[in-house]
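Novice: Build me a model:
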Amino acid sequence: MEKDFQSAPKRFWQTIRRLRRGKRGSIQAVYSKGGTLLTSTEEVIGRWKEHFVELLNPTTPSMSQSNQGSDRDGPPGGKEPRSNLLMDSTEEAEDSKAPQEIQEFLAWQRDLESDTKNPAPSRPTVFTWKGAAKEVFVSGSFNNWATKIPLNRSHSNFVAIVDLPEGEHQYKFCVDGNWTLDPTGAVTTTKTGTINNTIEVKRTDFEVFDALRIDSEETADISDLSSSPPGPYQQEAYLIKPENKVKQPPVLPPHLLQVLLNKDTSISCDPTLLPEPNHVMLNHLYALSIKDGVMVLSATHRYKKKYVTTLLYKPI
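Specialist: Numbering: from 1, shown residues only. Sure, this is the predicted structure:
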């Protein structure tokens, strides 16, 4: 574990390359000068940006003057030691790698700024754990392994929908307190030997949903339409055609004449129960002739294998 902030050159540049490749959650043990573990990309950026801003815009006297007389000074006319560069131990490695690493850092910083200005759209991603468990959580590189997202029980499975940016992400399930791999998902092995599940969120997987969303937005945009339907308008009264007056209501189908409440029940039957209705009697409204100022309505419905007949009494 690097206790000194200036003794982690290889680890830093490995981190930079991972971040440029999009693997922002794969930061492994980057430490500050005081030995504090940096757990987020923002902390890593802040620590290293302070150093490189001072390196690229020096405000102190030249290094050759400040380091004059030190043990690391070379012969007259030699190259100045770069004591602030976090690179290999030898000065030759520092001199050869400095321009390339500075350019790589600046390119990575530009990529980071562009990602901040134009962040990748988040896509709803489903995580499913199949198996018996009391509680299941998921965590991964998409949240820097900092928090555990709970999964909701759905029948015999556990499901969670998480909005993830496009790209490849590593994740793992925490089942009843134990970190477990999904046997049905793809896996990968990190440089430290840890095995995690991987999932790739691709834009092409959501093209259908994007097309439906755009189509619904275009359909819902009716601001340019008039409130009145198109066509000519006039002041003449609408005349009812004679053939419309002679139309009679359709003939009642004979099977609807079999009203359940009009049937006689046998003595052996329970008086509180009605006979089982025919399927054609369901979901129809029946009305009894008005007597004594009361109107009676009835309807029969089926729920699974049970039938329920409801009576409504309304005074007129």
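Novice: by contact count, what packs against the helix or strand containing His169?
Specialist: If you go by DSSP states H and E, His169 is part of strand 167-175. If you count contacts as 3 or more Cβ pairs under 8 Å, 6 or more residues apart in numbering; DSSP states H and E, strand 167-175 packs onto strand 122-130, strand 136-140, strand 178-180, strand 195-201. Where C-beta positions appear, they are placed from N, C-alpha and C, glycine not excepted.
Novice: Show me where the stretch 151-300 of the chain has its helices.
Specialist: Assigned by DSSP state H, counting those that start in this stretch, the stretch 151-300 of the chain shows helices spanning 207-220, 242-245.
Novice: Deepest-packed of the helices and strands packed on strand 167-175, please.
Specialist: The highest mean neighbour count among those, using mean count of other Cβ atoms under 10 Å, belongs to strand 136-140: a mean of 22.
Novice: So in this protein, where's the weakest helix or strand by average pLDDT?
Specialist: helix 63-66 (a mean of 45; mean pLDDT, DSSP states H and E).
Novice: From Thr204, how far out is the closest residue to Arg203 other than its chain neighbours?
Specialist: Once flanking residues are discounted, Arg203 sits nearest to Glu166: 5.6 Å by Cβ to Cβ, 6 or more residues apart in numbering. Using Cβ to Cβ, to the nearest Å, Glu166 is found at 10 Å from Thr204.
Novice: Asp182 versus the nearest residue to Ala132 once chain neighbours are set aside, what's the distance?
Specialist: Spatial nearest neighbour of Ala132, chain neighbours left out: Ser156 (7.8 Å); criterion: Cβ to Cβ, 6+ apart. Distance, Ser156 to Asp182, by Cβ to Cβ: 15 Å.
Novice: residue ranges with poor pLDDT in the stretch 201-316 of the chain?
Specialist: 205-228, 242-247, 265-269 (pLDDT under 70).
Novice: Just the strands from it, written as ranges.
Specialist: Ranges of strands in the stretch 201-316 of the chain, per DSSP state E, counting those that start in this stretch, are 285-291, 294-303, 306-315.
Novice: Which of those sits closest to Ser122?
Specialist: strand 294-303 (41.9 Å; Cβ to Cβ).
Novice: Starting from that closest one, tell me which strands it pairs with and how they run.
Specialist: In the sheet, strand 294-303 lines up against strand 285-291 (antiparallel), strand 306-315 (antiparallel) (DSSP bridges).
Novice: For Lys148, which of those strands is the nearest?
Specialist: Using Cβ to Cβ, the nearest of the strands paired with strand 294-303 to Lys148 is strand 306-315, at 44.5 Å.
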